[in-house]
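1. Predicted model, plus sequence, below.
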Amino acid sequence: MRYLTFALTKGRLANQTMELLEKIGISCEEIREKDTRRLVFTNEEMKLKFFLAKGPDVPTYVEYGAADIGVTGKDVILEEGRKVHEVLDLGFGKCRMCVCGFPEAASFLQHHELIRVATKYPNIAKDYFYNIRHQTVEIIRLNGSIELAPIVGLSEVIVDIVETGSTLKENGLKVLEEVCPLSARMIVNPVSLRMENDRIRDLLDRIRAHVIL
Ligand code: PRP
């Protein structure tokens, strides 16, 4: 039997994924060790390998078959647009992709004005404004702390993840429109899904029984 390899998103998502996998009897002690510098973890009995990667790299590993299975956020899957099969909503990491800004910015949206949109997700933002809203905008790509953009006058609105809404609230910003709901998803390499169909299907069925949507 060959190894099935999982690419997990470093951080909270990886921990929640391992908690879920433990419920179906898949464990990997070493991956839980906090200070380890190790990159690949193995469960010899079940012939499984796990590695941790940055979220946006997970679909890349899965598309190229370096990992058979990946777990990352729907935001990353949409943004990266890789050739992978999304097979399961894991029900955790729930949040929303939203257009946000100061309350006054609502009128720029209403009148389809040529505004600036700052975001870490240029593809999602482009798709939303061009294909859904049919509004021409200028997209400005940033790498984090997106809420800063309207505050310092870089853009009129942002497209960003909202979880509790407290970052927005503390900065006088609000959700103006919802783009889509997000959560952690399981993705599979298309060739792996065909070659290891029984094993992957069985795994998915067992996981699905523990998913709370
Ligand atoms: C995310 C997101 C928002 C914040 C939303 O940022 O970009 O800034 O969390 O959470 P809230 O609604 O619960 O306040 P993250 O902390 O991941 O870092 P980043 O700003 O570097 O993207």
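-> Everything's here; your move.

2. Strands of the protein, start to end?
-> Across the chain, reading from the start of the chain, the strands by DSSP state E fall at 4-9, 40-43, 48-53, 69-73, 85-89, 95-101, 116-119, 138-141, 157-162, 174-182, 184-188.

3. Please tell me how far Asn43 sits from Arg133.
-> Between Asn43 and Arg133 the computed distance is 46 Å (Cβ to Cβ, to the nearest Å). For the C-beta atoms, the positions are set from N, CA and C on the backbone; glycine is no exception.

4. Ok, Gly101 next?
-> For Gly101 relative to Arg133 (Cβ to Cβ), the value is 14 Å.

5. which of the two has more neighbours?
-> Looking at Gly101 and Arg133 with other Cβ atoms under 10 Å, you find the greater number of neighbours at Gly101, namely 26 against 15.

6. Skipping adjacent residues, who's closest to that one in space?
-> Val157 (3.9 Å; Cβ to Cβ, 6 or more residues apart in numbering).

7. How about the contacts made by that neighbour?
-> By Cβ atoms under 8 Å, 6 or more residues apart in numbering, the contact set of Val157 is Val99, Cys100, Gly101, Ala105, Phe108, Leu109, Ile115, Arg116, Val117, Ala118, Pro150, Leu176.

8. Pick the one among those residues closest to the ligand.
-> Here the nearest of the contacts of Val157 to the ligand, counting by Cβ to the nearest ligand atom, is Cys100; it sits at 9.2 Å.
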